[in-house]
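**Student:** Structure of the sequence below:
(one chain, ligands or ions: 1)
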Amino acid sequence: MDESSVITVRNLTNRFGKTLVHQGLDLDVLRGEVLGVVGASGSGKSVLLRSIVGLQRPAAGQITVLGTEVLTDPPTDREEDRGDDPDAVQNRWGVMFQDGALFSSLTVRENVEAPMREKLGIDAATRTALADLRIAMVGLPATAGDLYPSELSGGMRKRAGLARALALDPEILFLDEPTAGLDPISASEFDNLIVALQKALGLTVFLVTHDLDTLHATCDRIAVLSGKKVLVTGTMAEMLTVDDPWVHAYFHGPRAHAAQPTQGTA
Ligand SMILES: Nc1ncnc2c1ncn2[C@@H]1O[C@H](COP(=O)(O)OP(=O)(O)OP(=O)(O)O)[C@@H](O)[C@H]1O
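**Tutor:** Numbers count the residues shown, from 1 in each chain. Predicted coordinates for the structure are as follows:
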C-alpha cells in the first residue's frame, strides 16, 4: 500500500441481483486530501462510499482504511469488535449523509452526543461540552443545540449532520452530496466550511458530489466513476484534458463554464 494512502480500494465488485454496479474498481485516497467523487447518476458513488464505511457488503474486493482491512470479518463480528474501543478504525471516520440522517426525536446536541455516548467512556458534562464545541465548529449558533431537526432549515440540518460526523474527532470525513438542496449562497458557505475544517483538523475528506462549484472550491483531486470502475483520477486541470465523452461533457458543459473561476478579470 502507498504510505500516503489512507483508503485503498482494490478490485471492488458490487452487485444488486443481476445489476453489476462496480467491477474491478480501484481507488486510493491520500492522507490530507479532499477527494471529490463524481459520475453519472447511478454510477455507484454512494454505493462506493457505503462500501468503504461498512454499510454495503461488496461481492468481492479489498478495502483498507487507515491500515486496517475493513472487509476481513463478517459485519456482525466487526460490530462486536468495535465495542467501546475509540481506536477501532470505524471510530476514526465520520459520515455525513445527504439529508443529515439525524434522529428526529433528539435535539441537535443529543444527536451530536449520540456517537460519543456509544463509543466514548466520558461523563455527561464532558460529552455536552464536546458536543457544544462541535456545534460551534460547524457555524451553528449555540441555541441550535436545543432545537430538534424539524426546527432547522436545510442548511442548518446539514451543519448539524456535519457536527455529528465530527463527534468522535475523526481522521477521515465522508460527505455524501453535502451541498445538494442548498441555495447557491448556503452551498458556497458550506464549501468554505469544509475547506476550513479540513485545514484546521487535518482531515482527509471523501466527498460525493454533482456540484461543480464544490469541486472547484474544495477538491484537491477528483475521481470519475464510469463503466463500473474509477475511470480516471486527477486534479481539476487534469480533468479538463481527459479524452472521454462523459468526462468532457461534464467538465466542459455549460454548467462547467459557469463554475470555472474567472481569470484575468480587472
Ligand atoms: N440497496 C440497493 N438495492 C438495490 N439496488 C441498489 C441499492 N443501492 C443502490 N442500488 C443501485 O446501485 C446503483 C448505484 O447506486 P448509487 O446510489 O451508488 O448511485 P450514485 O452514483 O450515487 O447516483 P446518484 O448520483 O443518482 O446519487 C443504482 O443502479 C442503484 O439503483
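**Student:** neighbours around residue 125, how many?
**Tutor:** 8 (other Cβ atoms under 10 Å). Yep, even glycine has a C-beta here, placed from its N, CA and C like the rest.
**Student:** again with residue 253
**Tutor:** Residue 253 has 12 nearby residues by other Cβ under 10 Å.
**Student:** Residue 18 versus that one, what's the distance?
**Tutor:** 32 Å (Cβ to Cβ, to the nearest Å).
**Student:** swap in residue 71?
**Tutor:** 23 Å.
**Student:** Which secondary structure state is assigned to the closest residue to residue 229 other than its chain neighbours?
**Tutor:** Leaving aside its sequence neighbours, residue 229 sits nearest to residue 25 (Cβ to Cβ, 6 or more residues apart in numbering; 4.4 Å). Secondary structure state of residue 25, per DSSP: H, G, I helix; E, B strand; the rest coil, is strand.
**Student:** residues of the particular helix or strand that has residue 217 in it that come out buried?
**Tutor:** Per DSSP states H and E, residue 217 falls inside helix 212-218. Neighbour-count burial for helix 212-218 flags 212-215, 217-218 (criterion: 16 or more other Cβ atoms under 10 Å).
**Student:** same for that helix, what does it pack against?
**Tutor:** Here helix 212-218 touches strand 34-39, helix 184-201, strand 204-208, helix 254-259, going by 3 or more Cβ pairs under 8 Å, 6 or more residues apart in numbering; DSSP states H and E.
**Student:** follow-up on the earlier one: what about residue 71 and residue 18, which has more around it?
**Tutor:** Using other Cβ under 10 Å as the criterion, residue 71 and residue 18 rank with residue 71 on top: 20 against 5.
**Student:** Wait, the more buried one touches residue 58, no?
**Tutor:** Yes. In this structure, residue 71 is within contact of residue 58 by Cβ atoms under 8 Å, at 6.7 Å.
**Student:** domains of this protein?
**Tutor:** Following automatic domain parsing, one gets these domains for the chain: 1-96+171-183+192-259, 102-169.
**Student:** starting at the chain centroid, how far to stretch 156-176?
**Tutor:** 8 Å (Cα atoms, centre = their mean, to the nearest Å).
**Student:** Just the buried residues of that stretch, please?
**Tutor:** Applying 16+ other Cβ under 10 Å to stretch 156-176 flags 156-168, 170-176 as buried.
**Student:** Go through those and flag which are in helices.
**Tutor:** Here DSSP state H is the test, and the buried residues of stretch 156-176 give 156-165 as lying in helices.
**Student:** got those as JSON lines, with distance to residue 4 and pLDDT columns?
**Tutor:** Formatted as JSON lines, those follow (distance: Cβ to Cβ, whole Å; pLDDT from 0 to 100):
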{"residue": "156", "distance to residue 4": "35", "pLDDT": "92"}
{"residue": "157", "distance to residue 4": "34", "pLDDT": "93"}
{"residue": "158", "distance to residue 4": "30", "pLDDT": "92"}
{"residue": "159", "distance to residue 4": "30", "pLDDT": "94"}
{"residue": "160", "distance to residue 4": "32", "pLDDT": "95"}
{"residue": "161", "distance to residue 4": "28", "pLDDT": "95"}
{"residue": "162", "distance to residue 4": "25", "pLDDT": "95"}
{"residue": "163", "distance to residue 4": "28", "pLDDT": "96"}
{"residue": "164", "distance to residue 4": "28", "pLDDT": "95"}
{"residue": "165", "distance to residue 4": "23", "pLDDT": "95"}
